[in-house]
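Undergrad: What would the 3D arrangement of this be:
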Amino acid sequence: MQVLPTEVDPASPEFAANRIHQEALLVRLAEELRVARDDRSARALARHREQGKLTAAERVEQLLDPNTPFLEIGALAARGMYDGGVHKAGSLAGIGVISGRECVINANDAMVKGGTIYPLGVKKGLRLQAIAMENNLPFVSLIDSGGAFLPLQSEVFPDLDDGGRIFYNQAVMSKLGIPQISAVMGLCTAGAAYIPAMSDEVVHVTGTGAIFLGGPPLVKAATGEDVTAEELGGADMHCGVSGVSDHWAKDDADAIAHLRAIVARLPPPDRALVATRPPRPPLYDPAELLGIVPPDLSTPWDIRELIARVTDGSEFEPFKERFGPTLVCGWAYVHGYQVGILANNGVLFSECAQKATQFIQLCDKRGIPLLFLQNIAGFIIGRDYERGGITKHGHQMVNAVSTCSVPKITVIVGGSFGAGNYAMCGRAYSPRFLWMWPGAQIGVMGGAQAASVLVSVQNAQRAREGQPLITAEEAEMIKGPMEEASRREGDAWYSTANLWDDGVIDPTRTRDVIGLSLAATRNTPWKNPVGYGTFRM
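TA: Reported below is the predicted structural model:
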């Protein structure tokens, strides 16, 4: 493969200015992650310790194999939402190695609102199940939850993608042969009781773990019966009488030992056959990315500089390098895994879409996963481009992205706007993982463009009605709030709070995050290409 050259000058004023801006974003990211991780009340921690419980972070740390990475999912989910205190949407979750086996882990954090489930907590749980099903990963639940947050029950309970879908997915996962293992370490109330009940094996901690469809207050209200939580759904009863639970544990540490033993007994996965070679670091320092990426998304920069700091040996074999050059396509290795890369170097033209469609088909037939590096304002527009078939060619690319069978991984490193988001495998196109840089933005279009379109639409309406056009002052009154809303609702923090991505990542860690994502996809054989829909040729 070719070694990519670099034009970066670390001594330039532009590099220094870019680095200062990006480092400020990393400071903010570190603070956001710290708050999500550590902002718990002393009272909640004291209550935890009184019960002899480990925190969610301690449970996960003890569960994982020593010195192995943990790929956290939804670290900033629900950030700033509700009352601002539902950190991580109520659970610590991600992909980690247990007894040598990659697993999805979801640990309720009972120090966040007592572990009650908010709407974003349901969405996060469904996302984790999707990851487990797509990648054939065992699902390990560390349960310590008071059930649904009742004041928001209309957003948690009834719809297709609400709480009931979690149990539906559990049944589907069981049919698919995906192991599901639960440890009941605290309350497991109401519908949440089905999580252990529908698991393959259940570990139950005595004294603190309790499973019941209705807790003691509800039983008292409904039947008049006085009963304790331990009598109603404790480990002794469920392990010795009902049979709901399979393994009795004296405390959290004992339960974790049981979980590790259960995972160790699982049969090995039937892994995907994928081209690999010994990994090598890039020739260029990934830390230089901080000086390469400009603060203003409208300032162009060469996406090949990113590729050179992500791929093994900074090597890259381009495809159709001179055709549709604003879309860079080609092959490389990342942490030893072969990938096909599609990366933006400007807007998408017809030639770009045609090249992408062919490239995706080649990778699909050869079993090569796809990596999308998004920095895209959208497709080119205008009369001549429409006459040249830009809509038709864009459809071909979207069709190929939608229906290819190899794993897809997306990283939004700049703008992600309009149909460009779709064609470059945005969230709606089911990438196995989607990550976002702190300075990235997402939306139908940029704020300034959206504001100008809104003014134009109103002027057209006034003209049809014979009214005077909007004055400059009125236009500013329209544009200001629109630009502010686009900025606020299009930044990486808003995106990750709503789980439009799997997490905001440090740009200098992009290579490692991609490598861990690729490793997770190997736990199931990839489907053979099944063909495509109709391409309007």
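Undergrad: Gly415 is in contact with Val426, correct?
TA: I think there's a mix-up here, since residue 426 is Gly and not Val. No: using Cβ atoms under 8 Å as the test, Gly426 is too far from Gly415 to be in contact (11.9 Å). Just so you know, the C-beta spots here come from the backbone N, C-alpha and C atoms, and that holds for glycine as well.
Undergrad: Pull up the overlap in contacts between these two.
TA: Applying Cβ atoms under 8 Å, 6 or more residues apart in numbering, one finds that Gly426 and Gly415 are jointly contacted by 374, 442.
Undergrad: ok, Ala77 touching Trp500?
TA: No: counting by Cβ under 8 Å, Ala77 does not reach Trp500; the two are 10.3 Å apart.
Undergrad: Neighbour count for these two, which is higher?
TA: Ala77 (28 against 17; other Cβ atoms under 10 Å).
Undergrad: So Gly52: helix, strand or coil?
TA: coil (DSSP: H, G, I helix; E, B strand; the rest coil).
Undergrad: okay, Leu213: pLDDT?
TA: In this model, Leu213 is scored at 88, pLDDT.
Undergrad: Okay, it and Val241: tell me how far apart.
TA: Separation of Leu213 from Val241 (Cβ to Cβ, to the nearest Å): 16 Å.
Undergrad: Ok, Ile166 next?
TA: From Ile166 to Val241 the distance is 26 Å (Cβ to Cβ).
Undergrad: ok, now Leu45?
TA: On the measure of Cβ to Cβ, Leu45 and Val241 end up 33 Å apart.
Undergrad: so what does the helix or strand containing Arg19 touch, helix or strand wise?
TA: Here Arg19, judged by DSSP states H and E, is contained in helix 13-38. With contacts taken as 3 or more Cβ pairs under 8 Å, 6 or more residues apart in numbering; DSSP states H and E, helix 13-38 sits against helix 289-292.
Undergrad: Could you pull up the contacting residues of Met173?
TA: 129, 132-133, 139, 180.
Undergrad: Repeat that for Ala497.
TA: Listed by Cβ under 8 Å, 6+ apart, the contact partners of Ala497 are 76-81, 120.
Undergrad: What about the residues you listed, which are in helices?
TA: Among the contacts of Ala497, DSSP state H puts Leu120 in helices.
Undergrad: average pLDDT across stretch 473-488?
TA: Rounded mean pLDDT across stretch 473-488 is 73.
Undergrad: And stretch 67-80, by the same measure?
TA: Mean predicted lDDT for stretch 67-80 stands at 97.
Undergrad: Pull out the buried positions in that stretch.
TA: For stretch 67-80, a neighbour-count test (16 or more other Cβ atoms under 10 Å) marks 69-79 as buried.
Undergrad: Between which two of the residues you listed is the distance greatest?
TA: Greatest spacing in those, by Cβ to Cβ: Pro69 and Ala78 (24.1 Å).
Undergrad: Helix or strand: which one has Gln458?
TA: Short version, using DSSP H and E: Gln458 is in helix 447-464.
Undergrad: Output the contacting helices and strands for the next helix or strand after that helix.
TA: Going down the chain from helix 447-464, the next helix or strand is helix 472-490, by DSSP H and E. Contact analysis of helix 472-490 by 3+ Cβ pairs under 8 Å, 6+ apart lists strand 441-443, helix 447-464 as its packing neighbours.
Undergrad: Compare the mean pLDDT across these and name the weakest.
TA: helix 447-464 (a mean of 74).
Undergrad: re the thing from before, which of Ile166 and Val241 has more neighbours?
TA: The neighbour comparison of Ile166 against Val241 (other Cβ under 10 Å) goes to Ile166, with 20 against 8.
Undergrad: Give me the spatial nearest neighbour of the more buried one, chain neighbours excluded.
TA: Excluding its sequence neighbours, the residue lying closest to Ile166 (Cβ to Cβ, 6 or more residues apart in numbering) is Gly125, at 5.3 Å.
Undergrad: doesn't Phe167 make contact with the one you found?
TA: No: contact criterion Cβ under 8 Å: Gly125 and Phe167 do not qualify, at 10.4 Å.
Undergrad: between the two, who's got more neighbours?
TA: Shown here are Gly125 and Phe167; by other Cβ under 10 Å, Gly125 has more neighbours (24 against 16).
Undergrad: pLDDT at that one, what is it?
TA: The model's pLDDT for Gly125 equals 97.
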